[in-house]
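> okay, sequence plus prediction incoming.
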Amino acid sequence: MAPAVTRLVCRFPNCNRVFKNKSGLTQHTHAKHGTPQIQNLNRTAPLAGPGFIPPRSRSPTPAGVIDDNIYDDPAGDQGFVPEEGLKCDANGAFIDQDAPPPPHTDAPPTDWTPYDNRVEFETAEFLFTRNQMSARQIDTLLDLWAATLIKHNDAPPFANHRDMYATIDATPLGDTPWKSFTLCYNGAKPEQDVPPWMDGQYDRGILANLFTLPHYTTEDKRYWKNFMSGDWAWNQADVIAQNEENHGSTFVPLIIGSDKTVVSVATGQTEYHPLYLSIRNIHNSEHNDDIKYRNFRRQLFQRSLAKIFESVKPFMENFDVTRFPDGHYRRTVYSLGPYIADYPEQILLSGVVQNWCPRCLGNRKDLDGAQPCLHRRKAHTELLVEQLTYKQAWEQYGIIADLVPFTNDFPRADIHELLSPDILHQIIKGTFKDHLVDWVGEYLLVTHGTHHAAEIMDDIDRRIAAVAPFAGLRRFPDGRGFRQWTGDDSKALMKVYLAAIEGHVPQDVVRTFSAFLECCYIVRREALTEDDLVKLQDALDRFHQYREIFKTTGVVSTFSLLRQHSLCHYIVLIRLFGAPNGLCSSITESKHIKAVKEPWRRSSRFNALGQMLLTNQHLDKLAAAHVDFEARGMLRGSCHHGRLRIHEPQNQSIEVDAGEIIDGPTVESHVELALTPRCARNVHALSLELDLPCLPFMIQEFIHDQHYSDDPNPPEFDPATAQVFLGKLTLFNSAAALFHAPSDLSGMGGMRCKHIRATPSWRTGEPRHDCIFINMGVDFDSPMNGLAVARVLCFFSFNYRTSYYPCAIVHWYSYVHEERDPDTGMYVVAPMTTGDDVPDVSIIHIDCIFRAAHLIPVYGPDFIPKISPHDSYDMFNSYYVNRYADHHAFEIA
């Protein structure tokens, strides 16, 4: 492989000087241009074969601590950052980089144009966006409103729905009109019995101005995180920088996704094919399932995509001038970026035959052969189409020779390279649900026969149903026996399934699941390092090794399965596009409701596309107006000076059993007791309630330890001389643990909240006492980096002299082994007891609590009776520390 060549190019317009080192560039800049500018480090791409994508020879960003703040030192030694361009004016001329941005608008904070006042705007926003009221109902409401105002000689904000729609249309912001175009078949037609689709016209929707740019940030450490940290963006920037006119420009890749959705099954099977960009705009197109229509449908899809991106094509090689969210103009160069799609979409896009891999040339009958396969590339595909017959290309390489991918019309675009990983369909729904879970059932059937296999499956269901509750963990009261699987079902079952089958299946089956789950949780991390990629490859190798048991036992005859085969491409794709968690078809699926289904329901169902596009345009305008009014401080409080506002307590520990997304500064961990106490007790009453006769002594010892917590040589605790606490204890049902978990759904700063329960009656039912991780410090001998495991019996607080103590009474658990269980990959713990078999209980300060922990019983080979989830922690001798409860638990456990 040829070494990368380092070149430092002067970034001033019309200056073509190139330097070998930073010193030379700095001297030239000061001498010729006067003001230091951002350095543009362009590197030539390493030479390699089509099937190999090596890591870049130099990190795009320097080593250092992770900083999620916007990098504000453009003159630093950062190399060439492709998404960070120089500021310019509206004509593209570079300006002083310290100049403030021009104002977005000169309108004063009293200008509600085109609305007369705040009431008028908020009425339109409420009726159209939030309530989604139909036109007829809007008219009814406005008529009733008008009737109440007649005696005051006044009128409502709008006369009728047409008046309201016209006002929304007049909104100057968000004025990016949705347009449509029509395509039709222009090939040869039979003389008689012409199929309807040949004479049909096919409407498509498109947003005329596609671009409202996101706010990019720059991290200070090389690791694969967001899309711009991947090698693909840097390679694209190298090519773009060959045109000196583009120096100082911002590189903006268009991340695309498409996924078919059905809006009406019973009344006509109406399907839409929305296309999503990273800026959340959509394209709708209809599909027909007639077999004879298939080839035309493929070409229709490709030509529609080419038409949609036609307007931006001129700016893929030469810059455009675009205004960014910070208010500044920058030169901008676009490129088609990764395409998010499930497998049916991928083969439609790439022109590959069903059951062939759209990324590599692996034979469909032996996808995971011994030799690594070359990656598909546009030039190679075109050569094969020229040299082979249609049948040869189809049978030997899985190529549909008469299909031209839309990316062929655009510079630097190769659809085979741009297809992104699809965690939802390839891993979660595909490999886990459709393969591994089903294979376990087949294995039990083959090995034990129908009757005994059914008994074992019933016991697995009882084990799943018996798992203790945990914040954010879905309950399975009937095991895995639900009618229709969703992606969320599969994600939830992944968290508990491994421990449920252990003991009923061979060791290699358990290790297959363990290796697979490790792969899954690694690729779903928010950021990945080189070490993570090594661990991913090791887990993938173990998965391939242990899954052989399903072939040797006759469950499957081949592993030439596309969804499992796709895992082999993940390391390459991570290097190219960053962490795959941000490029998953679950993102596009989650957009269907707002972008397609709700606008469809608001339409008349006749020629619905135009109505749906108009609805989306109205929503865009209202959203843009809301942002503008809010930025000018015009939406503070309520319309009625706060008198109609419902005030809610801030920072309240909400009593819900789900993980919460928290916005706020990044901290490692913080725990607070619930806002509302349960009751007050004296020490004797609580001692009786918890059956802890030694509670007074424990409180004495706790006060002693807190008093001497900073003393390196504290005196020995003597209960005979220690003061007895006679005050009141305030009891709480829960505490809220806030912790940094960016790989899970989290708020700004990557913060997440989970509630820890310790209540005598959960939801008016049985008691619930959750488990926790306790931070014992670096000196504590623990397999999990100083973390201990315990179960909370009670949360309480009390005041002693001038100090306030928030506390928890916990039952300690001990590690059964120093290492993880070799089969499941999880640590095993057991409840601790003293020498006379009394539970080992003590009081801790809640500042010691790190976060909630989830334990699953070690069921073993025996069948279990039906057990309530709330009894799970009382019925077994040992437990797995569930590292799959969420992504943060996977990191620490």
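In hand now; what should we look at?

> output the below-cut-off pLDDT ranges for the stretch 251-400 of the chain.
Applying pLDDT under 70 to the stretch 251-400 of the chain flags the ranges 258-293, 370-372.

> likewise for the stretch 551-700 of the chain?
Residues of the stretch 551-700 of the chain that meet the criterion pLDDT under 70 lie in 582-592, 640-668.

> let's see it at 80
By pLDDT under 80, the low-scoring segments of the stretch 551-700 of the chain are 581-613, 616, 631-632, 637-669.

> do a quick rundown of the helices in it.
Using DSSP state H, counting those that start in this stretch, the helices of the stretch 551-700 of the chain run over 562-565, 570-577, 585-592, 598-601, 608-631, 683-690, 695-707.

> okay if I get the ones you listed as TSV plus mean neighbour count and distance to residue 190?
Yep, even glycine has a C-beta here, placed from its N, CA and C like the rest. Formatted as TSV, the helices of the stretch 551-700 of the chain follow (neighbours: other Cβ atoms under 10 Å; distance: least, Cβ to Cβ, whole Å):
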stretch	mean neighbour count	distance to residue 190
helix 562-565	20	36
helix 570-577	22	45
helix 585-592	19	37
helix 598-601	20	35
helix 608-631	19	29
helix 683-690	16	85
helix 695-707	18	90
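
> now do the end-to-end distance for stretch 366-383.
24 Å (Cα to Cα, to the nearest Å).

> buried set for stretch 447-460?
453, 456-457, 459-460 (16 or more other Cβ atoms under 10 Å).

> now it: mean pLDDT?
Across stretch 447-460, pLDDT averages out at 94.

> now do it: everything it contacts.
Here stretch 447-460 makes contact (Cβ atoms under 8 Å, 6 or more residues apart in numbering) with 441, 444-445, 479-480, 500-501, 504, 553, 863-864.

> swap the cut-off to 7 Å and go again
Defining contact as Cβ atoms under 7 Å, 6 or more residues apart in numbering, one finds that stretch 447-460 is touched by 441, 444-445, 479, 500-501, 504, 553, 863-864.

> show me what the spatially closest residue to residue 839 that is not a sequence neighbour bridges to in the sheet.
Closest residue to residue 839 apart from its sequence neighbours, by Cβ to Cβ, 6 or more residues apart in numbering: residue 811 at 5.1 Å. Counting by DSSP bridges, residue 811 is bridged to residue 791, residue 841.

> is the closest residue to residue 848 other than its chain neighbours in a helix, a strand, or coil?
Spatially, and ignoring its direct neighbours in sequence, residue 848 is nearest to residue 774 (5.2 Å; Cβ to Cβ, 6+ apart). Following DSSP: H, G, I helix; E, B strand; the rest coil, residue 774 is assigned to strand.

> what's the neighbour count on residue 774?
Using other Cβ atoms under 10 Å, residue 774 is surrounded by 21 other residues.

> check residue 723 too.
Residue 723, neighbours per other Cβ under 10 Å, totals 10.

> residue 405 now?
Neighbours around residue 405, by other Cβ under 10 Å: 23.

> now do the one 4 residues further on
Burial measure for residue 409: 17 neighbouring residues, criterion other Cβ under 10 Å.

> just the element for the closest residue in space to it that isn't next to it in sequence, please.
Closest residue in space to residue 409, ignoring its immediate chain neighbours: residue 306 at 5.0 Å, by Cβ to Cβ, 6+ apart. Here residue 306 sits within helix 294-308, counting by DSSP states H and E.

> now do residue 880
In the assignment (DSSP H and E), residue 880 maps to strand 879-881.

> pLDDT (mean, whole number) over that strand?
Averaged across strand 879-881, pLDDT comes to 97.

> ok, that strand: who's next to it in the sheet?
Strand 879-881 has its sheet partners listed here by DSSP bridges as strand 828-831 (antiparallel), strand 855-857 (antiparallel).

> how about the CA coordinates for the longest one, as PDB?
Taking C-alpha atoms only, strand 828-831 is exported to PDB below (Å, rounded to 0.1, in the frame of the first residue of the first chain):
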ATOM      1  CA  VAL A 828     -22.700 -14.100  38.600                       C
ATOM      2  CA  VAL A 829     -23.600 -12.800  42.100                       C
ATOM      3  CA  ALA A 830     -25.300 -14.300  45.100                       C
ATOM      4  CA  PRO A 831     -27.000 -12.700  48.200                       C
END
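
> buried ones in it, by neighbour count?
For strand 828-831, a neighbour-count test (16+ other Cβ under 10 Å) marks 828-829, 831 as buried.

> from these, pick the one nearest residue 145.
Closest approach between these and residue 145, by Cβ to Cβ: residue 829, at 63.1 Å.

> and for that closest one, nearest residue in space, chain neighbours not counted?
residue 813 (4.2 Å).

> CA atoms of the helix or strand containing residue 735 as PDB?
Using DSSP H and E, residue 735 sits within strand 734-740. Only the C-alpha atoms of strand 734-740 are listed here, as PDB (Å, rounded to 0.1, in the frame of the first residue of the first chain):
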ATOM      1  CA  SER A 734     -37.800   5.600  44.800                       C
ATOM      2  CA  ALA A 735     -34.700   7.500  43.800                       C
ATOM      3  CA  ALA A 736     -33.700   8.800  40.400                       C
ATOM      4  CA  ALA A 737     -30.200   8.000  39.100                       C
ATOM      5  CA  LEU A 738     -28.800  10.300  36.400                       C
ATOM      6  CA  PHE A 739     -25.900   8.900  34.400                       C
ATOM      7  CA  HIS A 740     -24.000   9.400  31.200                       C
END
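
> which strands or helices does it pack on?
Contact here means 3 or more Cβ pairs under 7 Å, 6 or more residues apart in numbering; DSSP states H and E; on that basis strand 734-740 packs against strand 669-673, strand 751-759, strand 849-853.

> ok, now with 10 Å
Counting contacts by 3 or more Cβ pairs under 10 Å, 6 or more residues apart in numbering; DSSP states H and E, strand 734-740 is packed against strand 660-662, strand 669-673, strand 751-759, strand 771-775, strand 787-800, strand 849-853, helix 887-892.

> now for the residue nearest to residue 409: which residues touch it?
313, 404-410 (Cβ atoms under 10 Å, 6 or more residues apart in numbering).

> any idea how far residue 315 is from it?
As judged by Cβ to Cβ, to the nearest Å, residue 306 and residue 315 stand 16 Å apart.

> just residue 873 next, same as before
Taking Cβ to Cβ, one finds residue 873 at 61 Å from residue 315.

> ok, longest helix in the chain?
Longest helix of the chain, by residue count under DSSP state H: helix 438-465.

> quick check: buried residues in the helix or strand just after that one?
Next helix or strand after helix 438-465 toward the C-terminus (DSSP H and E): helix 487-494. In terms of neighbour count (16+ other Cβ under 10 Å), helix 487-494 has its buried residues at 487, 489-494.

> circling back: residue 712: which of the helices and strands packed on strand 734-740 is closest?
strand 771-775 (19.8 Å).

> check which helix or strand covers residue 532.
Using DSSP H and E, residue 532 maps to helix 530-546.

> run the angle between that helix and helix 570-577 for me.
150 degrees (axes from the mean of the first three to the mean of the last three Cα atoms, to 10 degrees).

> name the helices or strands packed onto helix 530-546?
Short answer (3+ Cβ pairs under 10 Å, 6+ apart): helix 530-546 packs on helix 507-523, helix 562-565, helix 570-577.

> got TSV for those, with distance to residue 725 too?
Listed next are the helices and strands packed on helix 530-546 as TSV, based on distance: least, Cβ to Cβ, whole Å:
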stretch	distance to residue 725
helix 507-523	45
helix 562-565	61
helix 570-577	56
